[in-house]
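**Student:** sharing a model that was predicted from the sequence below.
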Amino acid sequence: MMQKRKLLALAAATVWTASAAPAWAQSMQADKPAGQQAVADTAERTPAAAPAEKEQHAADAAAASHDHHLGDTVVTATRRMKRDLDVPAATMIITGEAIRESGASDAAEALAKVNGFTYKSFGANGASMGTMVNELSVRGFKSGTLVLLNGNPISWRGKYNLDQIPADSIERIEVVKGAGSVLYGSDAMSGIVNIITKKGAENTVHAGFGNFGQREYGVRIGDKRFSAYYNSDKWGHQNDVAESDVRASGLKGSMRTDLRDAEKTSAGLTYRFNSHLDFLFGYYETEATYLRFIDRVDQTAYGVHAGDPYHVRHYTTQQYITQLNYHDRKWKGSLYFNTGTVGAKGRTDINSKTGQKTPGGWYETRERNQTYGAKLQRTWKLSPKSTAVLGLDMEHETYASLLAPSTANAARYMRNNWGAFGQWEQKFTARDTGIIGVRETWTTAAARDENYHNFSASGQWLHKLDRENSLYLSASQSFIMPTFAQMYGESSRHAPAPDLRPQTGVTYELGWKARHAGHTWKAALFHMRVKDNITPHWVGARAEYQYTNEDFRNTGLELSCETQGRHGFSWNWGLTWQNPETRAKGADWERTFGKLQLTGGVLYKKGKWSSALNASYLASRVQSPLHDPTYPCRPYLLTSWSTAYHPDARSEIRLTVDNVLDRADVTSHTGANYRVAPTSWMLSCNYVF
């Protein structure tokens with residue numbers, strides 16, 4: 001059956017490729033502004049169209065042009081440019097202007113307070129602990145968010161460093177909640193985040209300083225075609241970042257974690273050859289040192305006392321991203337190459353398994369992750385009512401555990417990931433549109449012949465109540481393949497699990513969208529179920545964890561409103577009620593993450609001043625430790641306030657304050673209790689030259 005599907009997919013691809021030559025093989029089309037392009041696509045129709053439909057097409061075209069200039073068109077959800085109101089999915093657009101006004105310094109901070117997103121941090125300044133990175137969990141589901149940069153994947157074995165993308169390089173961020181595997185493949189189980197970068201830039205320089213040893217500086221140069229940037233950020237220190245249990249065979253108690261010298265550097269360049277072809281290169285490096293100390297001893301067989309050092313870890317990450325992207329009205333194609341190295345090293349004072357002191361102990365590991373691939377997509381406007389999209393994805397993935405003092409046996413694993421997808425959109429009436437999509441995904445050349453295949457389908461229905469209101473219904477399947485690190489990763493605390501099964505799921509969603517008089521309203525009722533959710537499981541007898549398959553389910557309601565008010569005010573609010581639960585084999589359902597989330601923000605602009613306050617509140621939370629049942633924990637309230645003054649058109653002075661209420665909130669949900677930093681401030685200056 002799998003071979004038959006592969007042959008059908010390849011045959012369809014062959015026919016499709018032969019049917020029309022791509023635009024880059026023909027004469028280049030004249031450049032056309034994106035807004036006009038959207039109007040052309042929307043307004044295309046035959047002379048025989050009914051008067052009512054002509055009127056509706058004209059209204060849609062006008063609305064598309066208007067919305068484009070408002071930054072309210074979405075490409076990610078359907079792989080075609082559409083008005084947000086015409087997209088049958090829960091979507092959100094965060095413009096570059098909104099990111100700048102919020103005071104966010106990178107993509108991670110821009111997304112931390114989005115409705116329906118649960119934020120986790122391992123320390124200030126986006127500090128990560130090697131492969132333990134800051135994550136965004138959508139709709140109560142961990143590791144189910146696909147992160148794209150200009151439509152191309154940038155994650156490495158399911159992980160990503162969102163803080164590597166500076167805020168001033170972002171044109172907009174498109175967020176699509178719900179399953180997206182049919183169009184984008186593995187990992188898009190609970191949502192997609194597509195970060196779209198600017199294709200040109202002004203010449204700017206900025207610098208700033210703050211408490212806790214904060215420093216930042218950067219420069220960007222460019223014009224309409226070219227841009228290059230360099231940024232450097234440093235956070236000097238943070239004590240009591242986390243508190244976690246010690247459960248060695250000869251030592252029971254707890255330890256605390258301190259952070260020192262969290263530094264990150266990012267650099268990159270873009271070049272826009274013409275309106276259809278552009279190039280991007282990005283480099284990211286981060287390092288941070290974590291010190292752990294015993295702060296409570298309940299039982300010891302080796303004379304350990306409170307205050308004794310546990311270990312020191314210095315974590316480093318280096319990432320490179322390269323992309324070449326092409327797009328016109330019919331074709332989209334891209335080539336991408338991502339590679340990176342993650343390392344950890346440092347002194348080990350106490351053995352994590354036995355609890356015995358280890359004078360002169362040393363720990364060091366390194367791994368390299370690499371992906372390169374190509375994506376190709378063709379769109380046919382078959383009639384004013386029918387549109388088809390076909391595409392192919394090809395990717396080579398490599399994971400290497402490099403030789404190091406703590407890695408006795410270096411290993412390298414690879415596989416080829418293939419995907420063929422299709423989507424048909426049919427406008428039945430001026431008000432009703434249906435969309436169906438299918439994807440076949442398969443892998444080849446995997447280690448131990450651990451190859452996978454998956455067939456996914458989706459269906460969506462959009463009903464326009466009028467030009468300002470729409471209803472939609474969708475049902476979409478999704479899947480996530482196991483990563484090499486989950487199957488073959490091995491350390492002093494991690495046991496391999498080579499027989500993991502892929503995760504498969506389905507999401508049902510009913511939604512409503514409306515735009516009227518400066519208000520944008522959205523509501524979504526959803527239910528998702530996931531079979532074989534890949535989750536770490538603690539093996540107490542061996543004092544280590546191993547990835548296993550379990551089940552997940554969640555039912556929820558999302559409400560949001562954005563308002564462009566008068567007299568310089570604008571505001572937004574969001575509410576999510578949900579009930580995410582997991583179930584291990586032979587066990588009962590247990591809650592995870594939180595049930596109630598409230599988000600909101602207000603922006604005031606007048607003359608040379610602007611000020612923004614944003615917050616995210618997550619309540620009815622639980623911690624889900626690897627080795628204990630879930631237990632309730634305190635709500636978190638993340639807050640940020642940013643105020644800017646513009647002395648003239650070229651200058652900006654900005655004060656940004658994070659954790660305004662100085663709360664010691666825990667953002668992790670696995671029992672380790674990683675806390676946000678105390679109230680911190682950054683005073684910065686930006687100058688355009």
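**Tutor:** Right, received. Where do you want to start?

**Student:** okay, CA-based contacts and neighbour counts for the rest of this
**Tutor:** OK.

**Student:** wait, residue 656 touches residue 614, no?
**Tutor:** No - judged on C-alpha atoms under 8 Å, residue 656 makes no contact with residue 614 at a distance of 11.4 Å.

**Student:** overlap of the contact sets of those two?
**Tutor:** Residues within reach of residue 656 and of residue 614 at once, by C-alpha atoms under 8 Å, 6 or more residues apart in numbering, are 640, 641.

**Student:** which neighbouring elements make contact with the helix or strand containing residue 337?
**Tutor:** Taking DSSP states H and E as the criterion, residue 337 maps to strand 331-350. For strand 331-350, the packing partners by 3 or more C-alpha pairs under 8 Å, 6 or more residues apart in numbering; DSSP states H and E come out as strand 309-327, strand 357-383.

**Student:** which elements pack onto the shortest one?
**Tutor:** It refers to strand 309-327. Judged by 3+ C-alpha pairs under 8 Å, 6+ apart, strand 309-327 is in contact with strand 277-300, strand 331-350.

**Student:** in its sheet, which strands sit next to that strand, and in what direction?
**Tutor:** Applying DSSP bridges to the sheet, strand 309-327 is found paired with strand 277-300 (antiparallel), strand 331-350 (antiparallel).

**Student:** quick one: the shortest one to strand 357-383, angle?
**Tutor:** Spelled out, that is strand 331-350. With axes from the mean of the first three to the mean of the last three C-alpha atoms, to 10 degrees defining the directions, strand 331-350 sits at 170 degrees from strand 357-383.

**Student:** distance between strand 331-350 and the chain's centre?
**Tutor:** Put simply, strand 331-350 sits 16 Å off its chain's centre (C-alpha atoms, centre = their mean, to the nearest Å).

**Student:** same deal with stretch 310-321?
**Tutor:** Here stretch 310-321 is found 21 Å from its chain centre; the criterion is C-alpha atoms, centre = their mean.

**Student:** so what touches that stretch?
**Tutor:** So stretch 310-321 is contacted by 128-130, 154, 255, 280-294, 336-350 (C-alpha under 8 Å, 6+ apart).

**Student:** tally up the residues packed near residue 378, please.
**Tutor:** Each residue near residue 378 was counted by other C-alpha atoms under 10 Å, and the total is 21.

**Student:** so what sits opposite it in the bridge?
**Tutor:** Beta-bridge pairing of residue 378 under DSSP bridges involves residue 331, residue 390.

**Student:** could you do residue 283 as well?
**Tutor:** residue 267, residue 320.

**Student:** distance check, it against residue 171.
**Tutor:** Per C-alpha to C-alpha, to the nearest Å, residue 283 is found 19 Å from residue 171.

**Student:** with residue 210 instead?
**Tutor:** In terms of C-alpha to C-alpha, residue 210 sits 27 Å off from residue 171.

**Student:** repeat that for residue 564.
**Tutor:** The value you get for residue 564 to residue 171, if C-alpha to C-alpha is used, is 20 Å.

**Student:** how about residue 601?
**Tutor:** Noted for residue 601: a distance of 20 Å to residue 171, by C-alpha to C-alpha.

**Student:** likewise residue 334?
**Tutor:** 19 Å.

**Student:** between the two, point out the one with more neighbours.
**Tutor:** Using other C-alpha under 10 Å as the criterion, residue 334 and residue 171 rank with residue 334 on top: 21 against 18.

**Student:** can you give me every residue that contacts that one?
**Tutor:** Contacts of residue 334 by C-alpha under 8 Å, 6+ apart are 152, 323, 324, 325, 326, 374, 375, 376.

**Student:** of those residues, closest to residue 122?
**Tutor:** Nearest to residue 122 out of those is residue 152 (C-alpha to C-alpha; 26.2 Å).

**Student:** please work out the average pLDDT along stretch 400-413.
**Tutor:** The average pLDDT for stretch 400-413 rounds to 89.

**Student:** quote the end-to-end distance of it.
**Tutor:** Start-to-end span of stretch 400-413 (C-alpha to C-alpha) is 6 Å.

**Student:** list the buried residues for it?
**Tutor:** 400, 401, 402, 404, 407, 413 (16 or more other C-alpha atoms under 10 Å).

**Student:** stretch 267-286 too?
**Tutor:** 267-272, 275-286.

**Student:** and residue 541, what pLDDT?
**Tutor:** pLDDT, residue 541: 59.

**Student:** again but with residue 31, I slipped
**Tutor:** For residue 31, pLDDT reads 41.

**Student:** hmm, back to that, which of the contacts of residue 334 tops the neighbour count?
**Tutor:** Highest neighbour count within the contacts of residue 334, by other C-alpha under 10 Å: residue 152, with 23 neighbours.

**Student:** so what's it closest to, chain neighbours aside?
**Tutor:** residue 336 (7.1 Å; C-alpha to C-alpha, 6 or more residues apart in numbering).

**Student:** likewise for residue 416?
**Tutor:** Per C-alpha to C-alpha, 6+ apart, closest to residue 416 is residue 396, 4.6 Å.

**Student:** list the backbone torsions phi and psi for that neighbour.
**Tutor:** Per-residue torsions, residue 396: phi -110, psi 130 (degrees, to the nearest 10).

**Student:** for residue 97, helix, strand, or coil?
**Tutor:** When classified by DSSP: H, G, I helix; E, B strand; the rest coil, residue 97 comes out as helix.

**Student:** and after the helix or strand containing residue 603, which helix or strand comes next?
**Tutor:** Per DSSP H and E: residue 603 is located in strand 594-606. Per DSSP H and E, strand 594-606 leads on to strand 609-623 as the next helix or strand towards the C-terminus.

**Student:** for the protein, which residues score under the pLDDT cut-off?
**Tutor:** Applying pLDDT under 70 to the chain flags residues 1-71, 125-127, 490-492, 540-543.

**Student:** rerun at 50
**Tutor:** Applying pLDDT under 50 to the chain flags residues 1-70.

**Student:** report the central residue of it.
**Tutor:** residue 147 (3.9 Å; C-alpha atoms, centre = their mean).

**Student:** from residue 571, how far out is the spatially closest residue to it that is not a sequence neighbour?
**Tutor:** Excluding the flanking residues, the one nearest residue 147 by C-alpha to C-alpha, 6+ apart is residue 193, at 4.9 Å. As judged by C-alpha to C-alpha, residue 193 and residue 571 stand 22 Å apart.

**Student:** what ranges does the stretch 1-150 of the chain have for its strands?
**Tutor:** Listed in chain order, the strands of the stretch 1-150 of the chain (DSSP state E, counting those that start in this stretch) span 73-74, 82-83, 90-95, 117-119, 136-138, 145-149.

**Student:** out of these, which is closest to residue 214?
**Tutor:** Residue 214 sits nearest to strand 117-119 of all the strands of the stretch 1-150 of the chain, at 21.9 Å, using C-alpha to C-alpha.

**Student:** so which residues make contact with that closest one?
**Tutor:** Outside strand 117-119, the residues that reach it (C-alpha under 8 Å, 6+ apart) are 111-113, 134-140, 593, 618, 667.

**Student:** for residue 396, see how far away residue 502 is.
**Tutor:** Counting by C-alpha to C-alpha - residue 502 and residue 396 are separated by 18 Å.
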